[in-house]
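K.L.:
Below is the sequence, then the predicted model.
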Amino acid sequence: MEIPSSANRSQVSPQGLWLPLITPFRDGALDETSLRRLIRHYGTLGLDGLVLAGTTGESLTLDEDETQRLVEVSADELARQGYRLPLYLGLSGSNTRKLAKRLHSLADWPIAGHLIACPYYSRPSQAGLIAHFRVLADSSRHPILIYNIPYRTGVNIGNEAMLQLAERANIVGAKDCCGDPAQSAELIRRRPPGFSVLTGEDAFYHAALTAGADGAILASAHVETASFIAIRDAFARGDEPAAGAAWRSLTDLVPLLFAEPNPAAIKYWLWRTGLIDSGELRLPMTPVSAALAVRLDGAIDRMKSAA
Ligand SMILES: O=C(O)C1=N[C@H](C(=O)O)C[C@H](O)C1
């Protein structure tokens, strides 16, 4: 694993469309058969990378052995299929010392980087956030994407703090879920070379790319993946009409997949369409309501009719 330097950072900073893969469970355990099927399916579609154990991957309910198995099986299936798709591993926590120790233990894992959320619940200062991520950067052999999602963590890492952290060679970008278009636009405008801004706000995908974001990490791209990729490619060639048309085709899908806490709707969809053998979630996350299941069934049937 190449350790990023200021010189090569542009080659390793994530770009384009990444998928935060759900973690399939069956009878309470990691479902390796379904996981391999997901890798074979999404590995052929033209995505730029996969994030394992992100929010959508129900990372907070995985133990360390399961996380290791998740990475091992995913990397093994990618290799078996000959797919060259980078894997990032999600990490979260509010104990800097404990996270630093965990990062040291992950140095030799077959991953391309880490997606690390801001510390949650304790609501540290901006100075505390800077110190936290500097310690993590010193502890990680892999590149780091900082995951800024205030509505989940209770803390927003402001642009001044983020741009100070962007000076570290192995902090290669941000997954931006700040929920403030002005903050997002300013970060995109001021980001240094080799530091990517990827939106994690599905509903703002088109707006973020319009503002100049380097890409996105979108749970909703589990469904109609080709349309999300078409938007990426239309922006890349400067074809705004095509990007707008592809985005308008997804207008109803994104809010539907987030109508109840993520990833319940996505798992239901993948189960109903045969990509996973069970739509199980782990508490405290729960399956979709009967009412949302009816709405999803209707959308699935309409998609199948249109195919
Ligand atoms: O799994 C993720 O990482 C994502 N989490 C966001 C959320 O659930 O808040 C949504 C985004 O699509 C990716």
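P.N.:
Ah, there it is. Numbers count the residues shown, from 1 in each chain.
K.L.:
Which strands and helices lie in contact with the helix or strand hosting Val71?
P.N.:
Using DSSP states H and E, Val71 maps to helix 64-81. Packed against helix 64-81, as judged by 3 or more C-beta pairs under 8 Å, 6 or more residues apart in numbering; DSSP states H and E, are the following elements: strand 29-30, helix 32-42, strand 49-52, strand 87-91. In short, each C-beta sits where N, CA and C put it, glycine included.
K.L.:
okay if I get those as a markdown table plus mean pLDDT?
P.N.:
Output for those, formatted as a markdown table (pLDDT from 0 to 100):
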| stretch | mean pLDDT |
| --- | --- |
| strand 29-30 | 98 |
| helix 32-42 | 98 |
| strand 49-52 | 98 |
| strand 87-91 | 98 |
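K.L.:
Present these as CSV; the columns should include mean neighbour count and distance to Pro181.
P.N.:
Shown next, in CSV, are the helices and strands packed on helix 64-81 (neighbours: other C-beta atoms under 10 Å; distance: least, C-beta to C-beta, whole Å):
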stretch, mean neighbour count, distance to Pro181
strand 29-30, 14, 38
helix 32-42, 18, 29
strand 49-52, 25, 23
strand 87-91, 24, 25
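K.L.:
So for Thr199, which of the ones you listed sits nearest?
P.N.:
Between Thr199 and those, the tightest spacing by C-beta to C-beta is seen for strand 49-52, at 13.4 Å.
K.L.:
What is that closest one packed up against?
P.N.:
Using 3+ C-beta pairs under 8 Å, 6+ apart as the contact definition, the elements that strand 49-52 packs against are strand 16-20, helix 64-81, strand 87-91.
K.L.:
what about that strand, distance to the chain center?
P.N.:
6 Å (C-alpha atoms, centre = their mean, to the nearest Å).
K.L.:
same deal with stretch 76-84?
P.N.:
Taking C-alpha atoms, centre = their mean, the mean C-alpha location of stretch 76-84 is offset from the chain mean by 20 Å.
K.L.:
Now the residue of the stretch 201-307 of the chain found nearest the ligand: closest residue in space, sequence neighbours ignored.
P.N.:
Taking C-beta to the nearest ligand atom, the ligand has its nearest neighbour within the stretch 201-307 of the chain at Ala219, 3.4 Å off. Closest residue to Ala219 in three dimensions, ignoring its sequence neighbours and counting by C-beta to C-beta, 6 or more residues apart in numbering: Thr56, at 4.1 Å.
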